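Visitor: everything below, folded, please.
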Amino acid sequence: MEIKAVQGGVTAAKGFYASSVAAGIKYEGRKDMALILSKAPCKSAGTFTTNIVKAAPVKWDKAQVDSGAPAHAVVINAGIANACTGQEGMDYCSVTAEAASKILGVEKDSVLVASTGVIGMQLPMGRIEAGIEAMAPGLSDTLEAGHEAAKAIMTTDTKEKEAAVQVEIGGKTVTVGGMCKGSGMIHPNMCTMLSFVTTDAAISKELLVEALREDIKDTYNMISVDGDTSTNDTVLLLANGMAENEEITEKGEAYEAFCAALRQVNETLAKKIAGDGEGCTALFEVKVVGAETKDQAATLAKAVITSNLTKAAIFGHDANWGRILCAMGYSGASFDPEKVDLFFESSAGKLKIVENGVALDYSEEKATEILSQPEVTAVADIKMGGAQATAWGCDLTYDYVRINGDYRS
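Guide: Here you go, the predicted model:
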């Protein structure tokens, strides 16, 4: 099975169109609304925030996915989250879907909505409806249209985030592509992140839902920027079947190929979020190997990427390995610290710094060089078995406080 990375995002798969506009929701001088439309009705799957405080769009989208109704379109706005907005916020989801339904000629219950931004503010519905009307004529299946949509959904992100791959299934080329946003309020168990993944694969609703549910465990749920789980976290997966492969209705070679393609897109997007954490200077990857179980490895890896002391050390290019062992020690997972080997690696090389829980006579200069790269990995071998897990985060910088100190203004 060969999975080929290709250019593009949400418009890479057949039959998907995108558009974007500067609607003036909160920002000035930039686009802040995006629209995704499928030429054919889609099977939909979604995963949503575990925060008890759920934004109105999360509730709306979960109801749409659970209903089994075909999905046709997604309307997204940046700047205002439509969270903690009561019944008025829920009514605005309905108004948004109704406006898109009339303008696009699709059923109201086929329209999904998503919002990101400041909590507690009501959406300016006149601008939302005008934005939908303005975007409809500009819908295009070009890669540029998808790229502009990815830029329009950003909040504190410093760069747009897209990915797309192709894989052969049943003699047909199937494409999976997506875009996401996320920079702050990011923590495992879904994050202030929105991700929209599209595919032209023909696959049953049941398997589409299962594929996404299983995949997020190793992708979006393995990232953290600041330990805050948002009210708006949403991942939507839409499949329109236009690749014309024989519909995937049972697990087997075709399903595994689809899952592998989905994994590559979601992992790429997840890493882009972690690497664009608010104020960060480096993507910080933690691999735990030699674990007894995958859950044990995941618990240990996530404890390290969420440790503020470790994140600060990565920012300072300081090989303070004691902070890593400390974080592993309070994770709740059992292991023998006197058997742990630790390594740092990056494009500047790989260095073993701890063996069996004790520091080696390593070069601090080389360690600093390794930790000064834009992507840094820590590997912990706990020597208990053959399981492993990887988590992604970022360093903690002065700019994180500055950005979040005046976010509402």
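Visitor: which secondary structure elements does the lengthiest strand in the chain contact?
Guide: The longest strand of the chain (DSSP state E) is strand 33-48. Other elements packing on strand 33-48 under the criterion 3 or more C-beta pairs under 8 Å, 6 or more residues apart in numbering; DSSP states H and E are strand 16-21, helix 56-67, strand 71-80, helix 125-135, helix 143-152, strand 194-199, helix 205-215, strand 234-239. (Each C-beta comes from the backbone N, C-alpha and C, glycine too.)
Visitor: TSV for the ones you listed, including mean pLDDT, distance to residue 39 and mean neighbour count?
Guide: Below are those laid out as TSV (pLDDT from 0 to 100; distance: least, C-beta to C-beta, whole Å; neighbours: other C-beta atoms under 10 Å):
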stretch	mean pLDDT	distance to residue 39	mean neighbour count
strand 16-21	98	7	25
helix 56-67	96	19	20
strand 71-80	97	9	25
helix 125-135	98	16	19
helix 143-152	98	14	23
strand 194-199	97	11	29
helix 205-215	97	18	18
strand 234-239	96	12	29
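Visitor: of those, which is nearest residue 264?
Guide: In terms of C-beta to C-beta, the element of the helices and strands packed on strand 33-48 nearest to residue 264 is helix 205-215, at 10.1 Å.
Visitor: helices and strands around the closest one, which ones?
Guide: Using 3+ C-beta pairs under 8 Å, 6+ apart as the contact test, the elements touching helix 205-215 are strand 33-48, strand 234-239, helix 253-274.
Visitor: give me the angle between the last one and strand 234-239.
Guide: Using axes from the mean of the first three to the mean of the last three C-alpha atoms, to 10 degrees, the interaxial angle of helix 253-274 with respect to strand 234-239 works out to 150 degrees.
Visitor: gap between residue 241 and residue 380?
Guide: In this view, residue 241 and residue 380 are 43 Å apart by C-beta to C-beta, to the nearest Å.
Visitor: returning to that earlier point: got the CA positions of the longest strand of the chain in CSV?
Guide: Extracted in CSV, the C-alpha atoms of strand 33-48 (Å, rounded to 0.1, in the frame of the first residue of the first chain):
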residue,chain,number,x,y,z
MET,A,33,-15.4,33.1,7.2
ALA,A,34,-15.1,29.9,5.1
LEU,A,35,-17.5,27.6,3.3
ILE,A,36,-17.1,24.0,2.3
LEU,A,37,-19.6,22.4,-0.2
SER,A,38,-19.7,18.9,-1.6
LYS,A,39,-21.2,18.3,-5.0
ALA,A,40,-22.7,15.1,-3.8
PRO,A,41,-24.3,14.3,-0.4
CYS,A,42,-21.8,13.0,2.2
LYS,A,43,-21.6,10.5,5.0
SER,A,44,-20.5,12.5,8.0
ALA,A,45,-18.5,11.6,11.1
GLY,A,46,-17.4,13.8,13.9
THR,A,47,-15.6,13.9,17.2
PHE,A,48,-16.1,16.7,19.7
